[in-house]
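In: predicted model and sequence follow; I will ask about them next.
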Amino acid sequence: MPTAQDLFSLQGKSVLLTGATVGLGRRFAETLAEAGAKVAIVGRRAELLAEIAEKNPGCVPVPADLSNPSVVPGLVEKAVSEVGEIDVLINNAAYIAGGVRAEDETPDDIDTTLNVNLVSPIRLTQAVFPSMAERGRGSVINVTSIVARAGIARFPQATYAASKGGLESITREWAAQWARHGIRVNAIAPGFFYSEMTTEVLGHQKVQDWVRSNTLIPRAGEPADFDGALLYLASDASGYVTGQTIVVDGGWTAH
């Protein structure tokens with residue numbers, strides 16, 4: 001019988017992680033490497049990727065801008081050449097035109113949001129599918145959001161919500177289609193958490209009070225709060241789990 005430590009180990013697994021430079025993505029990269037994985041870390045800022053790789057020997061930088069989905073084939077080819085055939089794909093990269101009312105979102109805002117948050121994840125997952133299917137195993141983890149299932153008008157983000165809702169829906173559809181290939185597809189839906197993208201909003205005391213008053217665990221999340229869900233879905237510990245979304249929001253959506 002494998003031990004609990006064995007179940008959550010990623011020793012020998014190759015991971016492709018997008019949006020790896022800051023916030024959740026940076027924490028994900030560190031956590032995955034610490035668990036023994038070889039991690040191809042993807043992001044726009046090459047200098048930040050290099051910094052992460054220097055501190056985490058299991059990480060290999062693969063710079064790319066996912067606002068242009070045409071980069072996906074080359075990105076995957078580069079990642080495979082660096083860490084091997086992908087065992088775990090984590091679609092974490094995200095873009096948000098924060099604070100823009102739905103009626104004021106520009107065509108560029110809409111295109112960039114959908115390309116980064118939905119189109120590129122679809123193409124990335126299609127790109128790693130053949131190898132996973134041939135080997136009869138694989139785990140895809142989509143990082144969605146509580147805005148995929150709850151409207152939060154206080155922070156206008158209509159197209160972002162649409163993109164995350166699409167990613168949550170396709171999580172279930174991929175799981176249904178690909179279970180016969182041994183590929184599991186699940187999602188993590190974060191609530192409010194501190195990151196580079198949210199600092200400007202969550203830095204205000206009034207907003208912090210509002211988040212606390214509406215969250216069962218009365219605080220905003222920290223990137224470390226997602227370690228358990230990440231390792232569970234990436235590892236063999238979740239071998240009988242597919243098509244599910246783990247909501248990590250301190251209870252925001254529970255009431």
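Out: Perfect, thanks for sending it.
In: what's the single longest helix in the chain?
Out: Longest helix in the chain, counting residues (DSSP state H): helix 158-178.
In: now for the next helix or strand after that one, which elements pack on it?
Out: Downstream of helix 158-178, the first helix or strand assigned by DSSP states H and E is strand 183-190. Under the contact criterion of 3 or more C-beta pairs under 8 Å, 6 or more residues apart in numbering; DSSP states H and E, strand 183-190 touches helix 120-135, strand 138-143, helix 158-178, helix 227-234, strand 245-248. (C-beta placed from N, C-alpha, C; glycine too.)
In: okay, buried residues for the longest helix of the chain please.
Out: Using 16 or more other C-beta atoms under 10 Å as the test for burial, helix 158-178 gives 158-168, 170-172, 174-175, 178.
In: can you check what angle separates that helix from strand 138-143?
Out: 160 degrees (axes from the mean of the first three to the mean of the last three C-alpha atoms, to 10 degrees).
In: burial count for the closest residue to Trp174 other than its chain neighbours?
Out: Leaving aside its sequence neighbours, Trp174 sits nearest to Val185 (C-beta to C-beta, 6 or more residues apart in numbering; 4.2 Å). The tally of other residues near Val185 (other C-beta atoms under 10 Å) stands at 25.
In: Val185 contacts Thr171, doesn't it?
Out: Yes: counting by C-beta atoms under 8 Å, Val185 touches Thr171, with 5.4 Å between them.
In: identify whichever of the helices and strands packed on strand 183-190 lies nearest to Tyr194.
Out: strand 245-248 (13.3 Å; C-beta to C-beta).
In: which outside residues touch the closest one?
Out: 144, 146, 168, 171, 186-191, 221, 225-226, 229, 232-233, 253 (C-beta atoms under 8 Å, 6 or more residues apart in numbering).
In: now do 7 Å
Out: 144, 146, 168, 171, 186-191, 221, 225-226, 229, 253 (C-beta atoms under 7 Å, 6 or more residues apart in numbering).
In: thinking again about what came up before, mean pLDDT and distance to Asn56 added to the helices and strands packed on strand 183-190, as CSV?
Out: What follows is the helices and strands packed on strand 183-190, written out as CSV (pLDDT from 0 to 100; distance: least, C-beta to C-beta, whole Å):
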stretch, mean pLDDT, distance to Asn56
helix 120-135, 98, 22
strand 138-143, 98, 19
helix 158-178, 97, 26
helix 227-234, 98, 14
strand 245-248, 98, 22
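In: for Pro57, find the nearest of these.
Out: Proximity to Pro57 (C-beta to C-beta) singles out helix 227-234 among the helices and strands packed on strand 183-190, at 18.5 Å.
In: off-centre distance for that closest one?
Out: The chain centre lies 11 Å from the centre of helix 227-234; the measure is C-alpha atoms, centre = their mean, to the nearest Å.
In: so what secondary structure elements neighbour that helix?
Out: helix 23-34, strand 138-143, strand 183-190 (3 or more C-beta pairs under 7 Å, 6 or more residues apart in numbering; DSSP states H and E).
In: turn these into JSON lines, columns for distance to Leu118.
Out: Below are the helices and strands packed on helix 227-234 laid out as JSON lines (distance: least, C-beta to C-beta, whole Å):
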{"stretch": "helix 23-34", "distance to Leu118": "17"}
{"stretch": "strand 138-143", "distance to Leu118": "10"}
{"stretch": "strand 183-190", "distance to Leu118": "13"}
